[in-house]
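Enquirer: Quick check, what structure comes out for this input:
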Amino acid sequence: MTARRVVAVFLALIMMSGPGVARAVDPPPAPTAPPAPAAPSAPPGVPVPAPASDVTPARLSYLNGEVSFWRPGAQEWTPAKVNMPLAPGDLLYTGPGGNLEIQVGPRAFVRASEGTHIGLDNQEPDFVQFRLTAGHAALDVRELAAGHAVELDTPHGAFTVERTGYYHAEVTQEFTAFDTHRGGSATMTPAGGAATPVAANQQVMITGTDSPRVEMAAAPPLSAWDRWNYQRTDYLLQPASTQYVSPAVYGGEALNQYGGWRTVETYGSVWVPTAVPVGWVPYSTGRWIWDPRFGWTWLDDAPWGWAPYHYGRWVFVGNYWAWAPGPVVIRPAYAPALVVFLGGGVVVTAGRPLYWAPLGWGEPVIPWWGRPGFVGVASWRGWGGPRVVNNVVVNRTTNVNVTNITVYRNVHVTNAVVGVPAERFGQGQVQTTQISQAQVQQLTPVHGALAVRPVAASVQPATGSAAPPPAAIQARPVVATRAPHDQRPALQAQGLATAPAVVPAAPPRLVPSPRAAPPSTNAAVAPEGGPARTPRTVPGPAGQPAPAPLERKQSTAEQAAPPPPPASPKVAAPPPSRDAGRSDAPNASDARRDKRAVVVPERNAQQPPSPPARPGQEVAAPRRMPPPSAPPPVTQRREREEARPAPAPRPPQTAPAPAERPAHAEPPK
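Expert: Model prediction:
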C-alpha cells in the first residue's frame, strides 16, 4: 500500500470517530470526547459503587393503608405511591393499617406491616441493604443469584441473607427477633460480636445493644400475615405474561389485570390498557420525579405503570395506543423513561415549555442520565427487537450520529406530544398541554441532559403531607456491614438542600461483613427445587434437642380466628394482622430459657463462632456465659403483640385473599 493511500485511510478513520458518532450497540461505547473520569478509588475491603445504569431500582409495588415516604432533598414526609422507584436514602413508614411491598428482584420481595420504619441504605447489582428500626418486616426470596445478598440491619444486629427462603424480623426498643422458614438460612452479626449462622427453621432473639444477649430457638409457626406473604408471592409469580415479557421485568402481573394482549402485524404481540379515557396518550397522567441515580424519571398514576414506562416501546395502531415489549430478552436494562424530549420556539403559556413524546417501535433513547460517555449516546435500553433510526432499520454495527436523529414516529401522531412550562417541569402532578401539528414542526429533539434542575417537590411522589414516624424511631442507630450511601454530593450538584427534613439517624455500628468468609455449611435445606436434606439445628447443652419456639400467648381474637379459606387468584384482601393465627406454646420456666440461651457479651466479641458440623458429627454444646441481670422481655413482647390492631380494610388489590381477618377491633378511620 502506498504512503498516500495509508494517509487517506487514516484520515477517513479520524472522520468516522468524531463527536456524536457511536456504534449502535447496547451498552454504547464512549465517544471520542474527553475520556470519562476514572472510577473512584476506595480503601481495601470497601466496595466501589457500580454505575447506576447497571441497576434495576427497587420498586414500591404494593400499598395498603397509610404509608409515608421521604427522600433526601424533600421538605416533608409525603404519601407513598405505587410503582415509585426507590433510591438509597429513601425511608418508608407504615401508619395505622399500613402495609407495603418492595420488589428487589424478579422473585424477591420485602414487605412491612403497620408501625414499621424501613429504609433503603444501599443497592448494588449484587447487594441490597435495608434498615429496620421498628416494626415487622418479611423477606420472601424465591430466587437469589450466586454471590448476591440482601442485608437487613436492625438496632441489635445485622442479618445477611444469601440464599432463598422466607425470613421474618421484628424490632422493638428492647429486642430484635429474626425467624427463618422454607429452608432459608442467614448470618447474624450483633454489635461488637462475631458472625453467627442462623439455620433453617430457627429463631434468634437479640436483647440489648451494648452487651447483647442472643437466644436461639426453633422458629415459631407462621402467622396469618406470614401466610399472606406466601400467597401474595405465589400470586405475583404466576406466569401470566412471561410468554410476552421477560421475567426480569417487574410488574408483569398487572398487565393481564389491567389490559389484554393482541397480535398486530409488524409489531407482533402488543398490550393494550383498558379503562383509559378518550384521547389518552402515554406519559400524560403522572409526574416527573428526580432520582439521585437516574435523574428525571416518569412516575405514572396507573397501577400498571411500571413495565410499559421503563421497557419496550409504544405504538399507535389504528385508533388506539399499544405497548410493544419486543422480543423477550434475558436481562432487559431499566430506563427511567423512554421518551424523546423536544424543545424549540413554541410558546403556549408563560415561559418556554418542555415537551416529550413516547419513543416508537425500535427507536433509540438518548440518555439524559448516567455517567460521562453514556449521556447523549444512542441506546436501545429495554429493547431486544429491530433498531430503527429515522424510520429506517439499522444493524448493530451501524454508526449512529445522534445529532442526525430527527425523525420520531410518535411525534407525528395527533396529540402525542405533550408538555409543560419548563419552570413547572418536575414540580408536581403533570398538567400537560397539547399543541397542534403545525407547532410540533417547530420543535427539535433534545440530545442529552435536560436544562432543568430539581427542587424539593421534584423528589416527592405525591402532593401533600403524611405522618412521620416518631422521632425516637427515626434516630435509632442500626448495626450494619456498610455505611449508608451518601447522597449529599448528588444533592449538592443539583442545588438541593442537604439538611435533612427528618430526624437524623445516628451513625450505624459497623461490623465485619460475613460475605468475606467461606460459604457456610449450615444450610439446612437445598435451594427450592433441589433435594431436601435433614435440617441441622443448634442443640441445647449436653446434646439436648433443639429448644421449642420462644413462647407467647395468643390473644382472645387470635384464638377465635377461623381457619383460612383456599386462596383465590383473582380476589384480593388487605393483609391480616402480623401475629394472627400463631399457635400457642406451653409456658416454660426461666431456667429452661437460660439453658437454651447463647449469651454473647461484648467482652467476648472476638471469640470466633464454632465451626459447622460435618454429616454424622455431633456438635459440642456452646459455651454458656453468665446470664445478664435482666431476662429477655418476653412478657413485654407478648403484651405488645396482643395489642397490635388488624390493618384497615381497603378495596381489592392485586393479591389473593389469604384468610379471613381476625376479629380485632378496627382502628379509627
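Enquirer: Please make it C-alpha for all contacts and neighbour counts, starting now.
Expert: Will do.
Enquirer: ok, residue 263 - how many residues close by?
Expert: Using other Cα atoms under 10 Å, the number of residues around residue 263 comes to 10.
Enquirer: That should have said residue 444, apologies.
Expert: Neighbourhood size, residue 444 [other Cα under 10 Å]: 16.
Enquirer: sec struct for it, please.
Expert: Secondary structure for residue 444, judged by DSSP: H, G, I helix; E, B strand; the rest coil, is strand.
Enquirer: swap in residue 515?
Expert: At residue 515, secondary structure determined by three-state DSSP is helix.
Enquirer: Make 111 the first number, not 1, from now on.
Expert: In the new numbering, first residue 111, that becomes residue 625.
Enquirer: ok so residue 568 is a helix residue?
Expert: Yes. Residue 568 sits within a helix when classified using three-state DSSP.
Enquirer: wait, isn't it in contact with residue 534?
Expert: No. With contact defined as Cα atoms under 8 Å, residue 568 and residue 534 do not form a contacting pair (10.0 Å).
Enquirer: Please report phi then psi for residue 365.
Expert: The main-chain torsion angles of residue 365 are listed as degrees, to the nearest 10 and equal phi -70, psi -40.
Enquirer: isn't residue 315 right next to residue 329, touching?
Expert: No. Here residue 315 does not reach residue 329: they are 10.5 Å apart, not a contact under Cα under 8 Å.
Enquirer: next helix or strand past the longest strand seen in the chain?
Expert: With DSSP state E applied, the strand covering the greatest number of residues in the chain is identified as strand 237-251. Proceeding C-terminally, strand 237-251 gives way to strand 259-263 as the next helix or strand, assigned by DSSP states H and E.
Enquirer: So in that sheet, which strands flank that next one, and in what orientation?
Expert: strand 237-251 (parallel), strand 267-271 (antiparallel) (DSSP bridges).
Enquirer: Tell me which of these lies nearest to residue 604.
Expert: Proximity to residue 604 (Cα to Cα) singles out strand 237-251 among the strands paired with strand 259-263, at 25.3 Å.
Enquirer: mind listing what's buried in the closest one?
Expert: For strand 237-251, burial by neighbour count (16 or more other Cα atoms under 10 Å) applies to 238-251.
Enquirer: ok, back up a step: looking at residue 568 and residue 534 now, which is surrounded by more residues?
Expert: Neighbours around residue 568 and residue 534, counted as other Cα under 10 Å, are more numerous at residue 568. The numbers are 24 against 17.
Enquirer: What's the local residue count around residue 431?
Expert: 19.
Enquirer: In this structure it contacts residue 418, no?
Expert: No. No contact is recorded between residue 431 and residue 418 when judged using Cα under 8 Å, the distance being 11.5 Å.
Enquirer: where do the contact lists of the two overlap?
Expert: Taking Cα atoms under 8 Å, 6 or more residues apart in numbering as the contact rule, residue 431 and residue 418 both touch residue 424.
Enquirer: can you give me the helices in the chain?
Expert: 113-126, 334-346, 362-368, 417-420, 547-550, 581-584, 598-603, 666-669, 700-706, 744-752 (DSSP state H).
Enquirer: List the contacts of residue 351.
Expert: Taking Cα under 8 Å, 6+ apart, we find residue 351 in contact with 362-363, 365-366.
Enquirer: what about it, distance to residue 441?
Expert: Taking Cα to Cα, to the nearest Å as the criterion, residue 351 is separated from residue 441 by 16 Å.
Enquirer: do residue 583 as well
Expert: As defined by Cα to Cα, residue 583 lies at a distance of 38 Å from residue 441.
Enquirer: Tell me which of these two has more neighbours.
Expert: Higher neighbour count among residue 583 and residue 441: residue 583, with 18 against 12, using other Cα under 10 Å.
Enquirer: For residue 328, see how far away the nearest residue to the more buried one once chain neighbours are set aside is.
Expert: Distances taken as Cα to Cα, 6 or more residues apart in numbering place residue 243 nearest to residue 583, at 6.1 Å, with adjacent residues excluded. In this structure, residue 243 and residue 328 are 24 Å apart, going by Cα to Cα.
Enquirer: gap between residue 172 and residue 419?
Expert: Using Cα to Cα, we find residue 172 at a distance of 18 Å from residue 419.
Enquirer: who has more neighbours, the two?
Expert: The residue with more neighbours, out of residue 172 and residue 419 and counting by other Cα under 10 Å, is residue 419; that gives 24 against 19.
Enquirer: so how far is residue 446 from that one?
Expert: Using Cα to Cα, one obtains 8 Å as the distance from residue 419 to residue 446.
Enquirer: List the contacts of residue 469.
Expert: Residues touching residue 469, when contacts are defined by Cα under 8 Å, 6+ apart, comprise 423-424, 448-450, 475, 518-520.
Enquirer: Could you do residue 504 as well?
Expert: Residues counted as contacts of residue 504 (Cα under 8 Å, 6+ apart) are 496-498.
Enquirer: could you redo those as JSON lines and give each row neighbour count?
Expert: JSON lines is the format used below for the contacts of residue 504 (neighbours: other Cα atoms under 10 Å):
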{"residue": "496", "neighbour count": "16"}
{"residue": "497", "neighbour count": "21"}
{"residue": "498", "neighbour count": "17"}
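Enquirer: want to throw those residues into a markdown table with pLDDT and distance to residue 198?
Expert: Formatted as a markdown table, the entries for these read as follows, by pLDDT from 0 to 100; distance: Cα to Cα, whole Å:
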| residue | pLDDT | distance to residue 198 |
| --- | --- | --- |
| 496 | 96 | 35 |
| 497 | 97 | 33 |
| 498 | 98 | 35 |
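Enquirer: Take those residues and keep only those in strands.
Expert: With DSSP E as the criterion, strands contain 497-498 from among the contacts of residue 504.
Enquirer: out of the contacts of residue 504, who's nearest residue 506?
Expert: Using Cα to Cα, residue 497 comes nearest to residue 506 of the contacts of residue 504, at 7.8 Å.
Enquirer: I'd guessed the closest one sits against residue 503; true?
Expert: Yes. With contact defined as Cα under 8 Å, residue 497 and residue 503 form a contacting pair (5.5 Å).
Enquirer: what sits in contact with each of the two?
Expert: With Cα under 8 Å, 6+ apart as the test, residue 497 and residue 503 reach no residue in common.
Enquirer: For the stretch 211-360 of the chain, which residues score under the pLDDT cut-off?
Expert: For the stretch 211-360 of the chain, no stretch has pLDDT under 70.
Enquirer: Who wins on neighbours among the contacts of residue 351?
Expert: Neighbour-wise, these (other Cα under 10 Å) top out at residue 362, 25 neighbours.
Enquirer: which residues touch it?
Expert: 350-352, 355, 417.
Enquirer: Which single one of the residues you listed is nearest to residue 323?
Expert: Proximity to residue 323 was ranked across the contacts of residue 362 by Cα to Cα; first place goes to residue 417, at 45.7 Å.
Enquirer: Report the separation between the closest residue to the closest one other than its chain neighbours and residue 252.
Expert: Spatial nearest neighbour of residue 417, excluding adjacent residues (Cα to Cα, 6+ apart): residue 361 at 5.9 Å. Distance of residue 361 to residue 252, computed by Cα to Cα: 16 Å.
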